[in-house]
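In: Give the three-dimensional model of this entry:
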Amino acid sequence: MDKTVVVYYSLDGHTHFVASKIGERLECPVIRLRQHNEFSATNTFLKYFWAGKSSVFRDKPPLEDTDLDPDAYDTLVIATPVWAGNLSSPVRSFLSSHPLDGKRVFLVATNSGGSFVKCFATMRKLMPKASVGEEIGLVNITEASSPAQQQSLDAFCDTVIGRSQVVEGPNLS
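Out: Residues are numbered from 1 along each chain as shown. This is a model prediction of the structure:
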C-alpha cells in the first residue's frame with residue numbers, strides 16, 4: 001500500500017490549516033517544518049520583511065529535526081506559503097536537503113493573492129527526479145473560506161490517492 005505524508009511550513013496558519021485538512025482526508029501523517037530561528041511572532045512588519053527577504057535571496061535556513069524520513073514514504077504532499085512570489089525558505093531548505101528522487105510528489109501553495117506559477121516552477125526545479133503530479137494554489141484560505149474551495153480540495157486529494165471522482169470519506173470542511 002502507498003505510504004503518504006504531508007510536509008509543510010506555515011508562518012500565519014493558512015498553510016497549516018490546508019495541510020491539516022489534506023492530512024485528515026488522506027488519513028496520513030502531517031509533518032510541520034520549523035526553522036531553528038523562527039521569524040518574529042510579535043512584530044508583524046519584521047516577520048514579513050525577513051520572510052520576504054529570505055525567499056527573494058533563496059535562503060535555506062537550518063530546520064529543526066522532525067524525525068521525518070522521506071525514504072519511508074512513496075508519496076509526499078509538499079505545502080508552502082508563497083513569499084514574494086516564490087516558495088518559503090523553509091520548504092526550499094527541505095527540498096534542497098531531500099531531492100525526493102523517484103517519489104510521487106504533489107504541490108500545495110497558499111497566498112493572499114497573486115500568481116503561484118513561479119512558486120510551483122521553483123519547487124519542480126528543486127526535485128528534478130521526482131514524479132511531480134498535480135498542484136493546487138489556494139488564495140486566502142481559512143476556516144470561513146474553506147467551503148468555497150471544498151470541491152477543489154476534494155478533487156486534489158482524490159488525485160493524490162489515485163481516484164478521479166469524489167469518494168465518500170472524511171470531508172475537508
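
In: Export only the CA atoms of the lengthiest helix in the chain, formatted as CSV.
Out: Longest helix in the chain, counting residues (DSSP state H): helix 146-160. Output of helix 146-160 as CSV, limited to C-alpha atoms (Å, rounded to 0.1, in the frame of the first residue of the first chain):
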residue,chain,number,x,y,z
SER,A,146,-12.8,26.7,3.1
PRO,A,147,-16.4,25.7,2.0
ALA,A,148,-16.0,27.8,-1.2
GLN,A,149,-12.8,25.9,-2.0
GLN,A,150,-14.0,22.5,-0.9
GLN,A,151,-14.6,21.0,-4.3
SER,A,152,-11.0,21.9,-5.4
LEU,A,153,-9.5,20.4,-2.3
ASP,A,154,-11.5,17.2,-2.6
ALA,A,155,-10.5,16.8,-6.3
PHE,A,156,-6.9,17.4,-5.4
CYS,A,157,-7.0,14.8,-2.6
ASP,A,158,-8.7,12.3,-4.9
THR,A,159,-5.9,12.8,-7.4
VAL,A,160,-3.3,12.1,-4.7
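
In: So which elements touch it?
Out: helix 14-26, strand 104-111, strand 131-139 (3 or more C-beta pairs under 8 Å, 6 or more residues apart in numbering; DSSP states H and E). (Glycine included, C-beta is placed from N, CA and C.)

In: mind running it again at 10 Å?
Out: Other helices and strands packing on helix 146-160, by 3 or more C-beta pairs under 10 Å, 6 or more residues apart in numbering; DSSP states H and E, are helix 14-26, strand 75-83, strand 104-111, strand 131-139.

In: which residues are in contact with the strand or helix carrying residue 120?
Out: Element membership for residue 120 (DSSP states H and E) is helix 117-125. Helix 117-125 is contacted by residues 55, 58, 78, 80-88, 91-92, 95, 105, 107-111, 116, 130, 132, 135-137 when judged by C-beta atoms under 10 Å, 6 or more residues apart in numbering.

In: Can you turn the buried part of those into a PyMOL selection?
Out: For the buried members of the contacts of helix 117-125, the matching PyMOL selection, counting by 16 or more other C-beta atoms under 10 Å, is:
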select buried, resi 55+78+80+81+82+83+84+85+86+87+88+91+92+95+105+107+108+109+110+111+116+130+132+135+136+137
